[in-house]
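In: Provided below for reference: sequence and predicted model.
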Amino acid sequence: LTFCDVIVTFFFSLEGEVSYAVTLETVLSGHENWVYGLHWHPPIYKDGRLEQPLSLLSASMDKTMIIWTSDDESDVWLEQIRVGEVGGNTLGFYGCQFSPDGSMILAHAFHGALHLWRKNIFNVN
């Protein structure tokens, strides 16, 4: 299953006719079921400046969430991290959210549970 980011442009004429142009900007390929939630990484302060990381979180009924980032050289969106649930009788995730600093992600599961993941801040040697 792929998720497509589509740009729709509207063109209006003086006669009242409307034309539409649809442009495919990117394809996010990785989930194996419907994608129900998307969330952009929130802006963060870095060196005293507010920056917007190009990172997108997706939640799917395939019981996974994926963090996507844009590759600067190719402009292709790549899967960076995949988290989720293995086994069980759950049906997947309806929604997702980054924490304000981007260090944690939250998923709302089909059966009502909330799942929280956080970055590992410890160095493992």
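Out: That came through fine.

In: how near is Leu54 to Lys63?
Out: Shown here: Leu54 relative to Lys63, a distance of 26 Å by Cβ to Cβ, to the nearest Å. Heads up, the C-betas are built off the backbone N, CA and C, glycines and all.

In: of these two, who's got more company?
Out: Neighbour count, other Cβ atoms under 10 Å: between Leu54 and Lys63, Lys63 has more, with 23 against 13.

In: next, the contact list for the more buried one, please.
Out: Lys63 makes contact with Gly84, Glu85, Val86, Thr90, Leu91, Gly92, Phe93, according to Cβ atoms under 8 Å, 6 or more residues apart in numbering.

In: now stretch 25-35, how far from the centre of its chain.
Out: When C-alpha coordinates are averaged (Cα atoms, centre = their mean, to the nearest Å), stretch 25-35 and its chain have centres 10 Å apart.

In: same thing with stretch 44-57?
Out: Its chain's C-alpha centre lies 16 Å from the corresponding centre of stretch 44-57 when counted by Cα atoms, centre = their mean.
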